[in-house]
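Student: what follows is a predicted protein model with its sequence.
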Amino acid sequence: MRRTPGRVAAAFVVVAAALVASAGSATAAPSGRIVQITSTKGTVELVFQANQLPTGASVDPSTVRVSIDGTDVPATAKPIGASTRPVTRTAVLVIDVSGSMAPSGLKGAVSAALAFLRAVPPDVRVGLVTFADSARLAVPPTRERDVLRTALSGLKAKGATRLYDGTILGVAAAGTT
């Protein structure tokens, strides 16, 4: 769906009477969330993911509304399959491996990263950036979770903290995939 730029953080999608009747039954109530927001050339695109729909059910694009701070704004909705370009979701984990992270800080960061890898959907490409004396793209965004787990298990804490460099490299890695 597209709309003119505004306070995107305040935008939310209201799906009212959006489910098409189907023969199947759901075990949980349908729900959804915004999984991607991009802004280009004067428009904002939101990707809304509907969850736990009954078998054969779908969101009816004609019932989708977008509002900002309670005010409806012009919007166009269409199913992802109708898009002319595929949706690629990417996340980059940026981990501080400087000496200040030894030993428990790095252990906690690796534990959180492994939990993220267990939870993230398989279609999401995940990369790994580490930083200490310098920032390094340890694993370019990939769907291969074992490559990430191996890289995470080999992290060692040492050196100074180049937080800004690590953050910039993480954003660059996510933006080019």
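Tutor: Sure thing, it's come through.

Student: tell me which element residue 114 falls in.
Tutor: Using DSSP states H and E, residue 114 sits in helix 104-119.

Student: now do whatever helix or strand comes next after that helix, average pLDDT.
Tutor: Tracing the chain past helix 104-119, the next element assigned as helix or strand by DSSP H and E is strand 125-131. Across strand 125-131, the average pLDDT comes to 91.

Student: send the alpha carbons of strand 125-131 over as PDB?
Tutor: The C-alpha trace of strand 125-131 is given here as PDB (Å, rounded to 0.1, in the frame of the first residue of the first chain):
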ATOM      1  CA  ARG A 125      17.900 -12.900   5.200                       C
ATOM      2  CA  VAL A 126      20.100 -12.400   8.200                       C
ATOM      3  CA  GLY A 127      23.600 -10.900   8.300                       C
ATOM      4  CA  LEU A 128      26.200 -10.400  11.000                       C
ATOM      5  CA  VAL A 129      28.400  -7.300  11.500                       C
ATOM      6  CA  THR A 130      30.900  -7.300  14.400                       C
ATOM      7  CA  PHE A 131      32.900  -4.300  15.600                       C
END
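
Student: next, the angle from that strand to helix 104-119.
Tutor: If you take axes from the mean of the first three to the mean of the last three Cα atoms, to 10 degrees, strand 125-131 sits at 170 degrees to helix 104-119.

Student: listing partners with orientation, what would you give for strand 125-131?
Tutor: Strand pairing for strand 125-131, determined by DSSP bridges: strand 90-96 (parallel), strand 135-142 (antiparallel).

Student: now the helices for this protein?
Tutor: Secondary structure of the chain by DSSP state H: the helices cover 104-119, 145-153, 163-175.

Student: mind giving me the packing neighbours of the longest one?
Tutor: Looking back up the chat, that one is helix 104-119. With contacts defined as 3 or more Cβ pairs under 8 Å, 6 or more residues apart in numbering; DSSP states H and E, helix 104-119 has these neighbours: strand 90-96, strand 125-131, helix 145-153. Glycine gets a C-beta too; all of them are placed from N, C-alpha and C.

Student: hey, which of the ones you listed is tucked in deepest?
Tutor: The highest mean neighbour count among the helices and strands packed on helix 104-119, using mean count of other Cβ atoms under 10 Å, belongs to strand 125-131: a mean of 23.
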